[in-house]
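A.B. asks: Have a look at this fold, sequence not included:
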């Protein structure tokens, strides 16, 4: 039962889905609620394709040719190439957000995601840091930064995101994919980077 629940939680909070979740939350906040629906729909679909569909297709192709044994990338040594595809996809998303004139701090946080994924890829060569928790750390920090930037009270959303991160951490530990230290390190890496990048150009 715990194993099944762990798989469900890990799938719902799959790292490739976190940018889309973050964007959906962003468009519910402050002045973004008045943004044209077509613009929001186009942006969400584009980010979903760039940060989720494209990397997933790359993983499926790598699995088909035998480079990786599982879509879940449970084996640390198999993660490098899929992560590189994710990095390039995130760079494309960064350029896209810049081209559609998203606020500088949003673009900066996407740059933070690129750096976080790059560091996770490098660290993973020697030590299996948690990409799931890195993504959750990015999400929690992004909610905090957007709340501060727009002057909104997002206590409940932020609390939910931290609780969700806790559940994801437990799920990864229960599944035997990561140790507690690997999940904590992943969360800290994502949170610190996005919080730092999100404060760029603040006045």
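C.D. replies: Here it is on my side, so go on. Small disclaimer: the values here were computed from a predicted structure and weren't measured.

A.B. asks: What count of nearby residues applies to residue 155?
C.D. replies: 9 (other C-beta atoms under 10 Å). Glycine gets a C-beta too; all of them are placed from N, C-alpha and C.

A.B. asks: What of residue 153?
C.D. replies: With other C-beta under 10 Å as criterion, residue 153 counts 8.

A.B. asks: What about the closest residue to it other than its chain neighbours, how many residues nearby?
C.D. replies: Closest residue to residue 153 apart from its sequence neighbours, by C-beta to C-beta, 6 or more residues apart in numbering: residue 147 at 7.2 Å. Per other C-beta under 10 Å, the neighbour tally for residue 147 reads 17.

A.B. asks: This structure: helices as residue ranges?
C.D. replies: Secondary structure of the chain (DSSP state H): helices located at 2-12, 18-26, 37-48, 54-64, 80-99, 104-124, 131-150, 155-174, 180-198.

A.B. asks: and for the last one, what are the contacting residues?
C.D. replies: So that's helix 180-198. The contact list for helix 180-198 (C-beta atoms under 8 Å, 6 or more residues apart in numbering) reads 105, 108-109, 111-113, 115-116, 119-120, 127-142, 144-146, 149, 165, 168-169, 172-173, 178.

A.B. asks: can you do 6 Å?
C.D. replies: The contact list for helix 180-198 (C-beta atoms under 6 Å, 6 or more residues apart in numbering) reads 105, 108-109, 111-112, 115-116, 128-130, 133-134, 137-138, 140-142, 145, 169, 172.

A.B. asks: thinking again about what came up before, as TSV, the helices of the chain with distance to residue 70 and mean pLDDT would be great.
C.D. replies: Shown next, in TSV, are the helices of the chain (distance: least, C-beta to C-beta, whole Å; pLDDT from 0 to 100):
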stretch	distance to residue 70	mean pLDDT
helix 2-12	12	88
helix 18-26	20	95
helix 37-48	23	95
helix 54-64	7	88
helix 80-99	11	93
helix 104-124	15	95
helix 131-150	14	95
helix 155-174	15	94
helix 180-198	18	96
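
A.B. asks: highest average neighbour count across these?
C.D. replies: For the helices of the chain, average neighbour numbers computed from mean count of other C-beta atoms under 10 Å are highest in helix 131-150, which has a mean of 24.
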